[in-house]
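**Student:** Any chance you could fold what I've pasted below:
(one chain, ligands or ions: 2)
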Amino acid sequence: MTTKLLLDCDPGYDDAIALMLAYAHPELELLAVTTVGGNQSLDKVTANALSIAQALGKTHIPIARGADRPLVEPLRDASFIHGATGLDGVALPAPDFALLDSRHAVNVIIDTVMQEPAGTVTLVPTGPLTNIALAVRLEPRIVERVKEVVLMGGAYAMGNASPVAEFNVFTDPEAAHIVFDAGWKVTMVGLDLTHQARAYEPIRRRFNDLDSAAGRMTREILTNFADTYRRLRRMDGPPVHDACAVALVADPSLVACEPAPVTVELHGGATRGMTVADRRPDRAAGATTFVATQLAVDRFWDLAFDCIGRLP
Ligand code: RIB
Ligand code: CA
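**Tutor:** Residues are numbered from 1 along each chain as shown. Ligands and ions are numbered 1, 2, ... in the order given. Okay, the predicted model is just below:
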């Protein structure tokens, strides 16, 4: 059965992989792409989203730009990972900004959810949650109308932006609090899960023979992502974080999840942006939030390879 989704992203190397999976998976219907300031400025991540859509012949799917900064604090981007363009080292067509939807991303999120049949649209945020939080505040009815939220963000163990906080949540903790606290079903695809999806060199080699624009883009993305992760995170094999959220929507059997209330720390000095997941067994009953714990790694990469192999 086809799943309808909206991808809110900040491309970004792993967002670009997530976009390719969302565009290509035969059981996904990508309704719209919205952008948010995060890995790079809103202008640059929006340009990247347009360029990717143009390169893959997907410009018929709406793309809209959203919030350029978090709700409260200034944007502290991740250009040290994704580069000055947000996709350094990836050859892309010049973005055609005339293709942009004239609406703000928040309005595209609301319109999409309110126009599609109730309970059919999955929101997949893979950047800071600013747009999603603003949509909830502008049109609270989307909370009961959305099928579910499957977000890449957070961590119940180790962080990356800080010892305990993950970048997307750390960037806009207030927005994350609004999203986790809204009452809809939220699945947190955090670093605990995404660090199992490491593009080690044998994985990267699988894409070498793809004679397509998507194949070339994937090779350039993974090569550059691997270089920065090796240099800055001392990690061999970059985790394709955002692709895990899309893969879960496409095939839920790929990811084991458990119910756990999640609280976002807003006030801690050393812990601001921490997603505190209460995994105590007696707290699972009635939880609307789930945390992803285990990835079927080989089948995940098979799905990624199959999707990217379907693209031009
Ligand atoms: O912490 C990983 C997340 O931050 C991913 O979404 C990556 O794209 C960056 O935005
Ligand atoms: Ca991202």
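**Student:** what about the strands in the chain?
**Tutor:** Along the chain, the segments classed as strands by DSSP state E run 3-9, 28-35, 63-65, 121-125, 148-152, 186-189, 255-259, 262-264, 275-277, 289-295.
**Student:** same for the first one, what does it pack against?
**Tutor:** Put plainly, it is strand 3-9. helix 13-24, strand 28-35, helix 105-115, strand 121-125, helix 241-250 (3 or more Cβ pairs under 8 Å, 6 or more residues apart in numbering; DSSP states H and E). Heads up, the C-betas are built off the backbone N, CA and C, glycines and all.
**Student:** For the strands of the chain, give me JSON lines that also has distance to A247, mean pLDDT and mean neighbour count.
**Tutor:** Shown next, in JSON lines, are the strands of the chain (distance: least, Cβ to Cβ, whole Å; pLDDT from 0 to 100; neighbours: other Cβ atoms under 10 Å):
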{"stretch": "strand 3-9", "distance to A247": "12", "mean pLDDT": "99", "mean neighbour count": "26"}
{"stretch": "strand 28-35", "distance to A247": "10", "mean pLDDT": "99", "mean neighbour count": "24"}
{"stretch": "strand 63-65", "distance to A247": "22", "mean pLDDT": "99", "mean neighbour count": "24"}
{"stretch": "strand 121-125", "distance to A247": "10", "mean pLDDT": "99", "mean neighbour count": "26"}
{"stretch": "strand 148-152", "distance to A247": "10", "mean pLDDT": "99", "mean neighbour count": "26"}
{"stretch": "strand 186-189", "distance to A247": "9", "mean pLDDT": "98", "mean neighbour count": "27"}
{"stretch": "strand 255-259", "distance to A247": "7", "mean pLDDT": "98", "mean neighbour count": "17"}
{"stretch": "strand 262-264", "distance to A247": "21", "mean pLDDT": "98", "mean neighbour count": "21"}
{"stretch": "strand 275-277", "distance to A247": "20", "mean pLDDT": "98", "mean neighbour count": "23"}
{"stretch": "strand 289-295", "distance to A247": "8", "mean pLDDT": "98", "mean neighbour count": "21"}
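**Student:** Can I get the ones you listed in JSON lines including distance to ligand 1?
**Tutor:** Converted to JSON lines, the strands of the chain look like this (distance: least, Cβ to the nearest ligand atom, whole Å):
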{"stretch": "strand 3-9", "distance to ligand 1": "8"}
{"stretch": "strand 28-35", "distance to ligand 1": "12"}
{"stretch": "strand 63-65", "distance to ligand 1": "16"}
{"stretch": "strand 121-125", "distance to ligand 1": "9"}
{"stretch": "strand 148-152", "distance to ligand 1": "5"}
{"stretch": "strand 186-189", "distance to ligand 1": "10"}
{"stretch": "strand 255-259", "distance to ligand 1": "16"}
{"stretch": "strand 262-264", "distance to ligand 1": "15"}
{"stretch": "strand 275-277", "distance to ligand 1": "11"}
{"stretch": "strand 289-295", "distance to ligand 1": "13"}
